[in-house]
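1. Sequence first, predicted model second:
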Amino acid sequence: MSVELNHTIIHARNNRESAEFFVDLLDLEITAEWGPFIAVALSNGVTLDFATIPAESITPQHYAFLVSQEEFDAAYARITQRGIEHYADPQRQHPGEINHHDGGCGVYFMDPAGHAMELITVPYGGRLS
């Protein structure tokens, strides 16, 4: 059996707020709710399970998502329409911009819980075969 990531838990101040922010931005769906979790499924079968925990217990993480150019364009339009601060780089030196690393597009922004989110259209190092 090959090893695959099945799910990961993302800590949030409010699991519904964070899950809805994510699904609205990327045009996804909430696929399940149980116990403290609200799950969002990605196209490769991995779920992001958002869980509410006390804000002071949240350690900011970085989540990068590989999307198509069309998905990027739609998400970036939502980012700009909603006035979400975004950057071309993780150090936040280029506000209001996107990058073009490896011949694609990329953008960084924060989710409601303070996690750094990244959208890229080409994986680092070049195109997928």
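-> Perfect, thanks for sending it.
2. In terms of helix, strand or coil, where does Glu4 fall?
-> Applying DSSP: H, G, I helix; E, B strand; the rest coil to Glu4 yields a three-state assignment of coil.
3. what's the neighbour count on it?
-> 8 (other CB atoms under 10 Å). (C-beta placed from N, C-alpha, C; glycine too.)
4. I'd like the distance between it and Gly35.
-> From Glu4 over to Gly35 the distance is 23 Å, taken as CB to CB, to the nearest Å.
5. Same check on Leu26?
-> 24 Å.
6. Of these two, give the one with the bigger neighbour count.
-> The neighbour count for Leu26 versus Gly35, taken as other CB under 10 Å, is higher for Leu26 (18 against 7).
7. Please list all residues in contact with the more buried one.
-> The neighbours of Leu26, taking CB atoms under 8 Å, 6 or more residues apart in numbering as the test, are 65, 67, 71, 75.
8. make it 10 Å
-> 40, 42, 65, 67, 71-72, 74-75, 78, 117, 119 (CB atoms under 10 Å, 6 or more residues apart in numbering).
9. Of those - the most surrounded one?
-> Per-residue neighbour counts (other CB under 10 Å) across these peak at Leu119, which has 24 neighbours.
10. my read: it touches Val107, true?
-> Yes. Taking contacts as CB atoms under 10 Å, Leu119 lies within contact range of Val107: 5.3 Å.
11. Between those two, which contacts overlap?
-> 72, 75-76, 79, 86, 98.
12. Next, give me the two most distant ones among those residues.
-> Among the shared contacts of Leu119 and Val107, the pair separated by the greatest distance (CB to CB) is Phe72 and His86, at 12.0 Å.
13. Find residues that contact each of these two.
-> 98, 107, 119.
14. nearest to Thr52, of these?
-> Nearest to Thr52 among the shared contacts of Phe72 and His86: Leu119, at 24.5 Å, using CB to CB.
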